[in-house]
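*Asks:* sequence first, then the predicted structure, then my questions.
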Amino acid sequence: MSTRSAESAGAAGVGDSSVFDPGAPYRCSPQVSLRPEPFGALVYHFGTRKLSFLKTLPLVEVVKGLEDHPDVHSAIAAAGVEEAQRPAYLKALAGLAASGTIEAR
């Protein structure tokens, strides 16, 4: 997966003032529904009523696995993301946190 793919994999949205901490535990927001698609997933946020996309299957796996791991780094590793791709995933996940798709738990 290219860096550009992972960067664009995050949901487009306005950020909030919170800081994304990949060393902390996260989860998919309870206000979010993920619908699997061949390319990744459709993401619908019931609170903001925004529809967005996760454009890769590995990113979907990371987002779904967040709740099962003590931090974001562990979820990325468990999904088998190569070391060279991890910065792009962290950037995408920071975007998902800013849009409210994922949240600290």
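*Replies:* The structure has been received and is ready for your questions.
*Asks:* any regions of this structure where pLDDT drops low?
*Replies:* The chain contains residues with pLDDT under 70 at 1-18.
*Asks:* hey, which helix is longest across it?
*Replies:* The helix that spans the most residues within the chain, counting by DSSP state H, is helix 86-99.
*Asks:* now stretch 61-79: buried residues?
*Replies:* For stretch 61-79, the neighbour count (16 or more other CB atoms under 10 Å) marks Glu61, Val62, Val63, Lys64, Gly65, Leu66, His69, Val72, Ser74, Ala75, Ile76, Ala79 as buried. C-beta coordinates here come from the backbone N, C-alpha and C atoms, glycine included.
*Asks:* leaving out the residues flanking it, which one is nearest to the most centrally placed residue in the chain?
*Replies:* By CA atoms, centre = their mean, the chain has its centre lying nearest to Leu93, at 4.0 Å. In space, and not counting its chain neighbours, Leu93 is closest to Val72: 6.0 Å by CB to CB, 6 or more residues apart in numbering.
*Asks:* OK, contacts around Leu66?
*Replies:* Neighbour list for Leu66: Pro25, Tyr26, Arg27, Cys28, Val72, Ala75, Ile102 [criterion: CB atoms under 8 Å, 6 or more residues apart in numbering].
*Asks:* just those: which are in helices?
*Replies:* Within the contacts of Leu66, residues falling in helices by DSSP H are Val72, Ala75.
*Asks:* in CSV, list the contacts of Leu66 along with distance to Glu83.
*Replies:* Shown next, in CSV, are the contacts of Leu66 (distance: CB to CB, whole Å):
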residue, distance to Glu83
Pro25, 22
Tyr26, 20
Arg27, 24
Cys28, 24
Val72, 15
Ala75, 15
Ile102, 22
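*Asks:* and the contacts of Leu66, which is closest to Ala41?
*Replies:* For the contacts of Leu66, the residue nearest Ala41 by CB to CB is Cys28; the value is 10.3 Å.
*Asks:* now the closest one: how far from Ala84?
*Replies:* Applying CB to CB, to the nearest Å, the value for Cys28 to Ala84 is 25 Å.
*Asks:* between those two, who's got more neighbours?
*Replies:* Between Cys28 and Ala84, Cys28 has the larger neighbour count (other CB atoms under 10 Å), namely 19 against 8.
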